[in-house]
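> here's a sequence, model it:
(chains A and B)
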There are 2 protein chains.
Amino acid sequence: MTPEPATLCLGCWQNLHVPIALRGPFSIPFRVFGVKPSRMNPNTCTICEMAFSRIMKARAVTIDATIMFADLRGYTTLTQNIGQAGLTSLLDAFYDDCAAAIWRHDGLLNKTIGDAVLAIFNFPVKQGDHAAQALLAARAIQQRFAERRDALLETIGAGDVELGIGIGIDSGDTNFGEFGQSHRDLTAVGTVVNRAARAQATAKSGEILVTSAVRDRSSGMVSGEGRDFSLKGFEQPVRLFAA
Amino acid sequence: MTPEPATLCLGCWQNLHVPIALRGPFSIPFRVFGVKPSRMNPNTCTICEMAFSRIMKARAVTIDATIMFADLRGYTTLTQNIGQAGLTSLLDAFYDDCAAAIWRHDGLLNKTIGDAVLAIFNFPVKQGDHAAQALLAARAIQQRFAERRDALLETIGAGDVELGIGIGIDSGDTNFGEFGQSHRDLTAVGTVVNRAARAQATAKSGEILVTSAVRDRSSGMVSGEGRDFSLKGFEQPVRLFAA
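You can find the predicted model right below:
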């Protein structure tokens, strides 16, 4: 199912027109200098991760991007009832399914935190249709989980519990870069990130909720009128669409 | 204020009795092999981060640890009203203050995600009093923020808004290791982590809420009867103490 990983770094090729070998014999000299596939997206390299501080001479920039949060519903309750092996299997399955779907659609798996995953689309690999790519990744995550849910619950010995994934997506101008002088950390922050996180928190198990920006940019993939939600930290109601 | 960074890796010295030079001329041969100060705790090294997969031959282990979450209250609202430079300054200040306090008390700044910080105490540097150390770090974070809050709000041009830090701490057996086969990520998961996160979400701006485990282990630092809270995902009420 997973496509072959790229031989050249997609990010460096697109942005700098420089061929950086990620795999095969040509990658050896790069490895000696510490350049290797990024853990956030194995089709890009560690140079891409440092692109801001080293190449663009800016610590943070504003980029047009799509942000996706995915979160395991039922995780906190479940954690109390399964052993460490079960918990490890569950997180392995969830993270791996998310990674496969995100990378297939050229996104960056920026962070995992507990039962949540944060992905960024349109960096470092540019995509004209990044909102649509994020939505396709979200749908792939939901579909894969629906297929393997029963087998997974049996493997981890959880019995018949509530377990599913809630996903939220927003798209637009995002602050991206390294924050913190002492603990440097490449991530995205700002209103688009916050709105995606709140949409995810609002989504029910098995649901994908997207903002009107995502709907408008994903060429007919999302239909319906949507519904206004009051989201924590936002003064105005935010319209979200089930996608 | 910040103490001098360690010359030898504290984690390797404690756990393996091996001297790994982090700084100075003796660190050069280590650097050639990619061994350098950890970004999560500059007094430990990248070997410590990989200790599980490389040395202990286990992907995840159960350790006794204290988990602290700190989160900026008012962040989502504020993000909508300040520019990118202001947001960067705010996060820089918050992350740096957290890092300084956590490292001073030998904790691991495991993750930052948006406006939240996750810290782990008792790994890789062992501490008999890790719950007390976490609480001292939490108090230092609150105190530093109270001191610089007004100046910070002026710098970022935010006016007089609600802005403060909420902190939650729990202590006990925690699953620690790398989860996900494709996207490897060293972190802590499990009920103690979830409870600390929920305590943090419950804490008001400027407050530190700790569980009874933390109170019992921090030798008289926490007084009072505490209050029972109904936390999302927990069937039984959880007693939390303002600390």
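
> how does chain A divide into domains?
As assigned by automatic domain parsing, chain A contains the domains A:10-49, A:60-242.

> apart from its chain neighbours, what residue comes closest to A:N122?
Leaving aside its sequence neighbours, A:N122 sits nearest to A:H130 (Cβ to Cβ, 6 or more residues apart in numbering or on different chains; 3.9 Å). Bear in mind the C-beta positions are built from the backbone N, C-alpha and C, glycine included.

> how many residues are close by the one you found?
Neighbourhood size, A:H130 [other Cβ atoms under 10 Å in any protein chain shown]: 25.

> do the same with the one 4 residues further on
Taking other Cβ under 10 Å as the neighbour definition, A:A134 ends up with a count of 33.

> please apply the same query to the one 3 residues further on.
Using other Cβ under 10 Å as the criterion, A:A137 is surrounded by 27 other residues.

> tell me the SS of it?
helix (DSSP: H, G, I helix; E, B strand; the rest coil).

> what about chain A, any weak spots by pLDDT?
A:1-3, A:51-58 (pLDDT under 70).

> top strand in it by residue count?
strand A:164-179 (DSSP state E).

> please, where are all the strands along chain A?
A:60-73, A:108-113, A:116-121, A:164-179, A:185-189, A:208-211, A:227-229, A:238-242.

> now the fourth one, how far from the centre of its chain.
Looking back up the chat, that one is strand A:164-179. The chain centre lies 8 Å from the centre of strand A:164-179; the measure is Cα atoms, centre = their mean, to the nearest Å.

> which ones are touching the most centrally placed residue in chain A?
The C-alpha lying nearest the average C-alpha coordinate of chain A belongs to A:A119 (Cα atoms, centre = their mean; 1.8 Å). The neighbours of A:A119, taking Cβ atoms under 8 Å, 6 or more residues apart in numbering or on different chains as the test, are A:67-70, A:98, A:102, A:107-110, A:134, A:137.

> and for A:T202?
By Cβ under 8 Å, 6+ apart, the contact list for A:T202 reads A:166, A:168, A:209, A:229, A:231, A:240.

> how much space between it and chain B?
To chain B, A:T202 is 14 Å away according to Cβ to the nearest Cβ, to the nearest Å.

> endpoints of stretch A:199-210, how far apart?
End-to-end distance for stretch A:199-210, by Cα to Cα, to the nearest Å: 7 Å.

> does chain B have contacts with stretch A:83-97?
Yes. Stretch A:83-97 reaches chain B (Cβ under 8 Å from any Cβ of the partner chain) through A:84, A:87-88, A:91-92, A:95-96.

> which member of those residues is positioned nearest chain B?
A:Y95 (3.2 Å; Cβ to the nearest Cβ).

> thought that closest one was touching B:G180?
Yes. Taking contacts as Cβ atoms under 8 Å, A:Y95 lies within contact range of B:G180: 3.2 Å.

> what's the closest non-adjacent residue to A:Q200?
A:G168 (3.1 Å).

> these two touch, right, the one you found and A:R198?
Yes. Here A:G168 reaches A:R198: they are 6.9 Å apart, a contact under Cβ under 8 Å.

> more crowded one of those two?
A:G168 (27 against 24).

> and A:I165, what does it touch?
Counting by Cβ under 8 Å, 6+ apart, A:I165 touches A:70-73, A:94, A:141-142, A:145, A:205-206.

> now with 6 Å?
A:70, A:145 (Cβ atoms under 6 Å, 6 or more residues apart in numbering or on different chains).

> and if you look at the one 3 residues further on?
Counting by Cβ under 6 Å, 6+ apart, A:G168 touches A:69, A:196, A:199-200, A:203, A:209.

> swap the cut-off to 8 Å and go again
Counted by Cβ under 8 Å, 6+ apart, A:G168 has contacts A:68-69, A:195-203, A:208-210, A:240.

> over to A:A137?
A:68, A:101-102, A:104-105, A:107, A:119, A:121.

> specify which member of the residues you listed is nearest to A:R39.
A:I102 (12.4 Å; Cβ to Cβ).

> how far does stretch A:193-211 sit from its chain's centre?
The answer for stretch A:193-211 is 13 Å, by Cα atoms, centre = their mean.

> swap in stretch A:80-97?
The chain centroid and the centroid of stretch A:80-97 are separated by 19 Å under Cα atoms, centre = their mean.

> next one: stretch A:203-214
Using Cα atoms, centre = their mean, the offset of stretch A:203-214 from its chain centre is 14 Å.

> just to revisit the earlier point, among the contacts of A:G168, the buried ones, what's the PyMOL command?
What follows is the PyMOL syntax for the buried subset of the contacts of A:G168, where burial is set by 16 or more other Cβ atoms under 10 Å in any protein chain shown:
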select buried, chain A and resi 68+69+195+196+197+198+199+200+202+203+208+209+210+240
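
> ok, back up a step: which residues do A:Y95 and B:G180 both contact?
In contact with both A:Y95 and B:G180: A:T112, using Cβ under 8 Å, 6+ apart.

> if we can go back for a sec, of all the strands of chain A, which one comes closest to A:P5?
strand A:108-113 (14.0 Å).

> that closest one to strand A:185-189, inter-axis angle?
90 degrees (axes from the mean of the first three to the mean of the last three Cα atoms, to 10 degrees).

> what angle separates strand A:108-113 from strand A:116-121?
Going by the same axes, to 10 degrees, strand A:108-113 makes 160 degrees with strand A:116-121.

> strand A:108-113 near chain B anywhere?
Yes. Using Cβ under 8 Å from any Cβ, strand A:108-113 reaches chain B at A:109, A:111-113.

> show me which of the contacts of A:T202 is closest to B:T191.
A:G166 (20.5 Å).

> quick one: contacts for the residue nearest to that closest one when sequence neighbours are not counted?
Leaving aside its chain neighbours, A:G166 sits nearest to A:A203 (3.7 Å; criterion: Cβ to Cβ, 6+ apart). When contacts are counted by Cβ under 8 Å, 6+ apart, A:A203 touches A:166-168, A:209.

> out of those residues, who's nearest A:A21?
A:I167 (34.6 Å).

> hang on, the earlier thing: so which of the contacts of A:A137 is the most crowded?
Highest count within those by other Cβ under 10 Å belongs to A:M68, 34 neighbours.

> how close does that residue sit to A:V193?
Going from A:M68 to A:V193 by Cβ to Cβ, to the nearest Å gives 10 Å.

> A:S223 now?
As defined by Cβ to Cβ, A:S223 lies at a distance of 26 Å from A:V193.

> quick one: which of these two has more around it?
A:V193 (26 against 10).

> name the nearest residue to that one, ignoring sequence neighbours.
A:V193 sits nearest to A:I67 (Cβ to Cβ, 6+ apart), 5.1 Å away.

> report the contact partners of that neighbour.
If you count contacts by Cβ under 8 Å, 6+ apart, then A:I67 has A:118-121, A:134, A:169-171, A:174, A:188, A:192-193, A:196 around it.

> identify the farthest-apart pair in the residues you listed.
A:L118 and A:S171, at 14.4 Å, using Cβ to Cβ across these.

> the two: which has the busier surroundings?
Legend: neighbour count by other Cβ under 10 Å for A:L118 and A:S171, higher for A:S171 (29 against 25).

> quick check: beta-bridge partners of that one?
Beta-bridge partners for A:S171, by DSSP bridges, are A:T66.

> hmm, it is touching A:S212, no?
No. With contact defined as Cβ under 8 Å, A:S171 does not reach A:S212; the gap is 9.6 Å.
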